[in-house]
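Asker: Show me the folded form of this:
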Amino acid sequence: MQKYLTLEEVRCRLGNRARSSIYNDIAAGRLPKPLKLGSRIYWPEDQLEAHFLALAEAQSAKRNTEANSGS
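Answerer: Just a heads-up that it's a prediction; the model follows:
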């Protein structure tokens with residue numbers, strides 16, 4: 001069964017980032033857009049985890065490229 005994370009749960013996973021920082025990250029495309037149900041917003045947990053994994057892989061690839069070009 002799909003689990004949905006609230007804004008507070010996402011804040012905790014991001015090191016207690018401020019609500020405004022999370023909204024800025026959404027606007028800049030650094031976080032996936034949440035689902036809005038009434039006045040609340042939710043992120044599908046697997047979608048958020050996949051996004052974090054993709055960011056980590058991109059950062060790792062960038063570090064490897066920079067390390068190899070510096071040799």
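Asker: Now do the worst-scoring helix or strand of the chain on mean pLDDT: distance to the chain's middle.
Answerer: For the chain, counting by mean pLDDT, DSSP states H and E, helix 45-69 ranks last in confidence among helices and strands (a mean of 89). Centre-to-centre, helix 45-69 and its host chain are 12 Å apart (Cα atoms, centre = their mean, to the nearest Å).
Asker: which residues touch that helix?
Answerer: Counting contacts by Cβ atoms under 8 Å, 6 or more residues apart in numbering, the residues outside helix 45-69 that touch it are 2-5, 10, 13, 30-32. To be clear about C-beta, it is placed using only N, CA and C from the backbone, and glycine gets the same treatment.
Asker: middle-most residue in the protein, spatially?
Answerer: Centroid-nearest residue in the chain, with Cα atoms, centre = their mean: Leu31, separated by 4.2 Å.
Asker: Let me see the contact set for it.
Answerer: The neighbours of Leu31, taking Cβ under 8 Å, 6+ apart as the test, are 10, 22, 25, 48, 51.
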